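Visitor: Fold the following, please.
(chains A and B)
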Amino acid sequence: MLVVLAGGMFAGIIGSLTGLGGGLVIVPLLALVLHLPLTQAVGVSLFGVIATSTGAAPRFVGTGYSNVRLGLILQVAASSGALLGALISHWVPSRALFLVFGLVMLYSAVMSFLPTAHDSAGATEDSPLAARFRLASRYKKEGEWVEYRVVGVAPAFGIMVGAGLLSALLGIGSGVFKVLAMDRLMRLPFKVSTATSNFMIGMTAATSAGYYLSHGDVSPGVAGPVIVGVLAGAHIGGHWMTVLPVKTLRRVFAVVLSFVALDMLLKGFGI
Amino acid sequence: MKAALDQQRRFITLWILRLSIGLSVGCILAGLGIFLAMGADYLPHTPSGSIVQILAYVWQEAVSLHASAFLDAGVLVILFTPLARLVSGVVANVRARDWLYVSIGLGVIALVLTGLFTGQS
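Guide: Now for the predicted structure:
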């Protein structure tokens, strides 16, 4: 119980400091260290993902960072993908899941070394679809409201189906894919991308977490400490964010992530 | 009028988030406390079946102060938090007569509920 609680707390701290998401810590901890079957590790991790999203959400309320309309539109795709992922989760062989998880971890680690912020290259005009759904909005920056436009809704919608599918199969928030789609394809301000992604990951995880719970894959004795640990860790991480060198930390964690990814890949290859 | 609705929406969202975090953490800590104090065997218990069956189980076991019921309740509160946010968003859009987003919100709720009701083993 203490190991799970500490693991959840570590996931919460890392998630809030690096933005890499707690699922990438919780699933390997439960599957590789505590030897839980992968479907159970995934089921429990999804509750950790909902806790991460819930714990971080109050910070964004009233700032305008979270574009709720855009989040809802894209959520139709993400929840559809998550539902599909949950439905096929018990038919996908564990080795294949280990392989995909390892690849996603490696991808997340590589992304940690690439620049992300695109604030200066925002769209100047809404695409017809964005205009139809009134997706342009504004956010607060240094006390002033900054307006922004939205493009690339259709391709981002497609990516969200994949992000939802991976979330349900691997027990992760898939924030790295959601932010990527919003940042690169929709050319949203980075803070808007991360806040809207946070709004979405909880709903995406809830779509498949209910499935895993009803299916008997979620032990409350494990999920409970994970939830408390993640919420406490996210709170601590929020405070540490101002005093720790987050960029360096993110890169160090990415290197650690690469080693865990390698372990997952080896398991996937049956080595 | 729009500013007042936005203000109200922010207040309700914050209220839902804080209440659910407090309730979930409170239930889980109570469950862990009972487990440590009474040595209840919560770990072998894993709920399954329909959400209605799980809720009925939680209610029955909570009356007998079983640790597993409190842990289940904390887990369920976290599960229903995104759904509560969605419902409050739909209500806000109904009040703003924004029917496009009322229907999109209802569509997402239907997807989340489908997930809840298709996993029964």
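
Visitor: What sits closest to A:Val4 if chain neighbours are left out?
Guide: A:Pro225 (4.3 Å; Cβ to Cβ, 6 or more residues apart in numbering or on different chains). Using the backbone N, CA and C atoms, a C-beta is placed for each residue, glycine as well.

Visitor: check contacts around the closest residue to A:Arg134 other than its chain neighbours.
Guide: Once flanking residues are discounted, A:Arg134 sits nearest to A:Arg69: 6.5 Å by Cβ to Cβ, 6+ apart. By Cβ atoms under 8 Å, 6 or more residues apart in numbering or on different chains, the contact set of A:Arg69 is A:Phe133, A:Arg134, A:Leu135, A:Ser137, B:Tyr101.

Visitor: what do you get for A:Gln40?
Guide: By Cβ under 8 Å, 6+ apart, the contact set of A:Gln40 is A:Leu30, A:Asp217, A:Val218, A:Ser219, A:Val222.

Visitor: Now flag whichever of those residues is closest to chain B.
Guide: Of all these, chain B sits closest to A:Ser219, with 4.7 Å by Cβ to the nearest Cβ.

Visitor: tell me, how many neighbours does that closest one end up with?
Guide: 21 (other Cβ atoms under 10 Å in any protein chain shown).

Visitor: Would you confirm that it contacts A:Val44?
Guide: Yes: between A:Ser219 and A:Val44 there is a contact under Cβ atoms under 8 Å: 7.0 Å.

Visitor: quick one, helices of chain A?
Guide: Secondary structure of chain A by DSSP state H: the helices cover A:2-18, A:23-28, A:38-56, A:68-88, A:94-111, A:128-132, A:153-170, A:175-180, A:190-214, A:220-240, A:246-268.

Visitor: close enough to count as contact, the residue nearest to A:Val4 and A:Met1?
Guide: Yes: between A:Pro225 and A:Met1 there is a contact at 5.6 Å, judged by Cβ under 8 Å.

Visitor: How confident was the prediction at the residue in the stretch 1-150 of chain A that chain B sits nearest to?
Guide: Closest residue of the stretch 1-150 of chain A to chain B, Cβ to the nearest Cβ: A:Ser79 (3.8 Å). Note on A:Ser79: pLDDT of 95.

Visitor: residue ranges with poor pLDDT in the chain?
Guide: All of this is about chain A. Within chain A, the ranges that satisfy pLDDT under 70 run A:18-21, A:115-121, A:238, A:241-242, A:246.

Visitor: that's the other chain; I wanted chain B
Guide: If you take pLDDT under 70 as the line, chain B has these spans: B:1, B:39-46, B:119-121.

Visitor: Tell me which residue is most central in it.
Guide: Centroid-nearest residue in chain B, with Cα atoms, centre = their mean: B:Phe80, separated by 2.4 Å.

Visitor: residue contacts, A:Ala234?
Guide: Contacts of A:Ala234 by Cβ under 8 Å, 6+ apart are A:Gly12, A:Ile13, A:Gly15, A:Ser16, A:Ala51, A:Thr52, A:Gly55, A:Ala56.

Visitor: Could you do B:Leu17 as well?
Guide: By Cβ under 8 Å, 6+ apart, the contact list for B:Leu17 reads A:Thr54, A:Ala57, A:Pro58, A:Val61, B:Thr81, B:Arg85.

Visitor: Could you tell me how far it is located from B:Val91?
Guide: 16 Å (Cβ to Cβ, to the nearest Å).

Visitor: residues near B:Trp15, how many?
Guide: For B:Trp15, the count of nearby residues is 11 (other Cβ under 10 Å).

Visitor: Please identify the helix or strand for it.
Guide: helix B:2-38 (DSSP states H and E).

Visitor: helices or strands up against the following helix or strand past that helix?
Guide: Remark: after helix B:2-38, the chain's next helix or strand is helix B:51-63, criterion DSSP H and E. Identification of packing neighbours for helix B:51-63 by 3 or more Cβ pairs under 8 Å, 6 or more residues apart in numbering or on different chains; DSSP states H and E yields helix A:190-214, helix B:67-95.
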